[in-house]
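*Asks:* sharing a model prediction with you, sequence too.
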Amino acid sequence: MENGVVYGPTTEEDPGPGRGPRRGLASCFSRGRLPLRRLALKGLQLLLSLLAFVCEEVVSQCTLCGGLYFFEFVSCSAFLLSLLILIVYCTRVYDQVDSTKVKQSDFYITMGTGCVFLLASIIFVSTHDRTKAEIAATVFGFLASIMFLSDVVIMFCERRQESQMRKPEATRRAGPLTEPLNA
């Protein structure tokens, strides 16, 4: 045992300048769980809902404030929910929970957020005082709701495609029901 046969080298060779170990906060994140187009949509949802919230916060006075307050609540909630979902997909939290539950939660949260954001944008458009900040907030609100709803459509198509692939071959092809089962 003294000749070193039992103990081999335990460290990895130098990875070189092209590939190095990720350190610090970067080691906690992974982009591989979402396809690039879904990751881009999630990023746009996050950015546009934040911009809608910031533009709405700039508004200094209003005559009919109910639409403004509802839009404020929805845009802030949309930002926080999209941030939460993005964190779950991009960190180790995804490995700790069931992936089907994450995808199902993502689908319903994104659908609800998109519909309520669209409703809040419509209400805010009908009640605002037409200042530049309010117009910018509604534009960002409509764009964010479009991003949320298009993500829902993409998730629905992916889910439908997965369910079609899981069906056995016999159920996919249409045959007459009068054929015997043991033929």
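*Replies:* Perfect, I can see it now.
*Asks:* buried sites along whatever helix or strand Q104 lives in?
*Replies:* Using DSSP states H and E, Q104 sits in helix 99-127. Using 16 or more other C-beta atoms under 10 Å as the test for burial, helix 99-127 gives 102, 106-107, 109-111, 113-114, 116-118, 120-125, 127. For glycine as for every other residue, the C-beta is placed from the backbone atoms N, C-alpha and C.
*Asks:* just say helix, strand or coil for R31.
*Replies:* Counting by DSSP: H, G, I helix; E, B strand; the rest coil, the backbone at R31 sits in coil.
*Asks:* so for the helix of greatest length in the chain, mean pLDDT?
*Replies:* Assignment by DSSP state H gives helix 132-166 as the longest helix of the chain. When pLDDT is averaged over helix 132-166, the result is 94.
*Asks:* quick check on V59: phi, psi?
*Replies:* With angles defined as degrees, to the nearest 10, V59 sits at phi -60, psi 120.
*Asks:* likewise R33?
*Replies:* Dihedral angles for R33 - degrees, to the nearest 10 - are phi -80, psi -20.
*Asks:* ok, how many other residues are close to it?
*Replies:* 15 (other C-beta atoms under 10 Å).
*Asks:* hang on, it packs against T91?
*Replies:* No. With contact defined as C-beta atoms under 8 Å, R33 does not reach T91; the gap is 9.6 Å.
*Asks:* measure the most centrally placed residue in the chain to T110 for me?
*Replies:* Nearest to the geometric centre of the chain sits K42, at 4.1 Å (C-alpha atoms, centre = their mean). Using C-beta to C-beta, to the nearest Å, K42 is found at 9 Å from T110.
*Asks:* repeat for A144
*Replies:* Applying C-beta to C-beta to A144 and T110 gives a distance of 11 Å.
*Asks:* coming back round to it: who touches both of K42 and T110?
*Replies:* Counting by C-beta atoms under 8 Å, 6 or more residues apart in numbering, the residues touching both K42 and T110 are S82, I85, D151.
*Asks:* filter those residues to the buried ones?
*Replies:* By 16+ other C-beta under 10 Å, these give S82, I85, D151 as buried.
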